[in-house]
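S.K.: Fold the following for me, if possible:
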Amino acid sequence: MITKKLKFVVGTAVILCAVLALAITGMQESKAYYRTVPELKAMGQRVEGRRVRVAGNVVVGSIEHHGEGVVTFVIDYEGETLPVKYIGRGPLPDTLVDRAQAVAEGTMTSTGTFEATLVQAKCASKYEAAYAEGSTVAE
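M.R.: As a prediction, this is how the structure comes out:
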């Protein structure tokens, strides 16, 4: 009777430890610290291989499609530029266009290219009101 209870307790403890270990490693791997382009560049080699998020405006004419699942573009933040290479299975957002704000999540490579596995974009100009010359808001 005692051995059955002991086996049950040990088995339950092993399962709980395994679930806890998976939860902790999953949280560590999904963590991504937000950095600006200048901060990312200032970190140098310390940032290589670490998961981070970086944001900036897409440079005009920099978006290039290289086959299925690979897109490169350049983001600019306060005059600092960063080449981004998106490698992913999911499609990029339709709002990833020239001058759009983009947030890329991934890792920095030793070549100075940011390899993104997730890209989010928004186009602020899409939501701005377009006024004709001479028109007023009350018209």
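
S.K.: Point out where this structure drops to low pLDDT.
M.R.: Per-residue confidence for the chain (pLDDT under 70) gives these ranges: 1, 26-32, 123-139.

S.K.: in it, which spans are helices?
M.R.: 2-30, 37-43 (DSSP state H).

S.K.: Compare those and report which one is nearest to P91.
M.R.: Comparing the helices of the chain by their distance to P91 (Cβ to Cβ), the top pick is helix 2-30, with 21.4 Å. In this view, the C-beta of every residue, glycine as well, is placed from N, C-alpha and C.

S.K.: re the thing from before, now the helices of the chain in TSV, with distance to L96 and mean neighbour count?
M.R.: Formatted as TSV, those follow (distance: least, Cβ to Cβ, whole Å; neighbours: other Cβ atoms under 10 Å):
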stretch	distance to L96	mean neighbour count
helix 2-30	22	10
helix 37-43	17	16
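
S.K.: In JSON lines, list those helices along with distance to V84.
M.R.: Listed next are the helices of the chain as JSON lines, based on distance: least, Cβ to Cβ, whole Å:
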{"stretch": "helix 2-30", "distance to V84": "20"}
{"stretch": "helix 37-43", "distance to V84": "10"}
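
S.K.: Hmm, R50 and E105 touching each other?
M.R.: No. With contact defined as Cβ atoms under 8 Å, E105 does not reach R50; the gap is 11.6 Å.

S.K.: Break this structure down into its domains, please.
M.R.: Using automatic domain parsing, the domains assigned to the chain come out as 1-31, 32-124.

S.K.: Pick the most buried one from the ones you listed.
M.R.: domain 32-124 (a mean of 15; mean count of other Cβ atoms under 10 Å).

S.K.: what's the nearest residue to the most centrally placed residue in the chain if we skip its chain neighbours?
M.R.: When Cα atoms, centre = their mean is applied to the chain, the residue found nearest the centroid is E105 (1.7 Å). The shortest distance from E105 to any non-neighbouring residue, by Cβ to Cβ, 6 or more residues apart in numbering, is to L118 (4.2 Å).
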